[in-house]
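S.K.: Fold the following, please.
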Amino acid sequence: MSGILDWFRSRNLMHRIIAGVRTNMIPGLVLWTMGVFLVATYYWGEFSRPWFDQISTLKKTYGFAYSAVSTCFFGGLIPYLFMQITGRDPLKGLWSGVIFLGYWALRGIDVDAFYRLQAIIFGTGVDLRTIASKVLVDQFLYCVFWASPITAIFYTWREAGFSIKRWKGTKTWSELFDMILIFTVTTWVVWIPGTAIIYSLPYSLQIPLFNLTLCFFVILVSVFSRKKPE
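M.R.: I've put the predicted structure just below:
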């Protein structure tokens, strides 16, 4: 145990993780409040059922196409425009935007496929045991071994101006591992409660709530960061 702590100290990881947690805390509180409100509205607000039913029907009708377009819009286009307008994004140009939106469209399909797999394994119930099982697999398997690494690789590539050659020269594998570790641990603070809220809704509404959570998370983190997000 002491060896692990010494390794953390030697790479200054603990300080960077604490700083990341602090950055994510306020956005997390906002997102949890919003998510709980939407879930409560769904279950106890009869007036909202037609609106939720329309979204659910769209998701059931268009499947992966819905997930690609909606995630591209909420996770890609809205944050991208916000970052461009507020000057928080150093990258300009049509191709950088197209690649960014394409990435989030593919991630929408990826997340949808994962939610489908979870539904097959654990069912579509919203009981405590099912929700807890999905959250554990989501955050400690899917995120650790897939979502966090692919996100870190993509965003470091984006920082390098989408140049493979420049990307290879900017980050060592050790630095990339550090980045993945820091990103994973700091986002657990937000996404463990966040995914519990998402899995509290019926299966067909989970992608729409994920999209809203993702959109506001990216925007809020950029607002509350002390420096321009990288």
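
S.K.: how far out from the middle of the chain is stretch 16-26?
M.R.: Stretch 16-26 sits 15 Å away from the centroid of its parent chain (CA atoms, centre = their mean, to the nearest Å).

S.K.: ugh, typo on my part, it should be stretch 65-84
M.R.: Taking mean C-alpha positions (CA atoms, centre = their mean), stretch 65-84 and its chain are 12 Å apart.

S.K.: Same question for stretch 34-44.
M.R.: Relative to its chain's centre, stretch 34-44 lies at 20 Å (CA atoms, centre = their mean).

S.K.: try stretch 173-193
M.R.: 12 Å.

S.K.: Report the buried residues of that stretch.
M.R.: Residues 176, 178-193 are the ones in stretch 173-193 that count as buried (16 or more other CB atoms under 10 Å). In this view, the C-beta of every residue, glycine as well, is placed from N, C-alpha and C.

S.K.: who's in contact with residue 89?
M.R.: 80, 83 (CB atoms under 8 Å, 6 or more residues apart in numbering).

S.K.: Only the buried residues of the lengthiest helix in the chain, if you could.
M.R.: The helix that spans the most residues within the chain, counting by DSSP state H, is helix 13-44. For helix 13-44, a neighbour-count test (16+ other CB under 10 Å) marks 16-17, 20-21, 23-24, 27-28, 31-32, 34-35, 38-39, 42 as buried.

S.K.: And for stretch 80-96?
M.R.: Going by neighbour count (16+ other CB under 10 Å), the buried part of stretch 80-96 is 80, 82, 83, 88, 89, 91, 96.

S.K.: quick one on the thing from earlier: can you tell me which of the buried residues of stretch 173-193 are in helices?
M.R.: Filtering the buried residues of stretch 173-193 for membership in helices, criterion DSSP H, returns 176, 178-193.

S.K.: Look at residue 65 and tell me its secondary structure.
M.R.: At residue 65 the chain is in helix, as set by DSSP: H, G, I helix; E, B strand; the rest coil.

S.K.: So which other helices or strands are in contact with the strand or helix carrying residue 51?
M.R.: When elements are assigned from DSSP states H and E, residue 51 belongs to helix 49-62. In terms of contacts (3 or more CB pairs under 8 Å, 6 or more residues apart in numbering; DSSP states H and E), helix 49-62 is packed against helix 64-71, helix 206-224.
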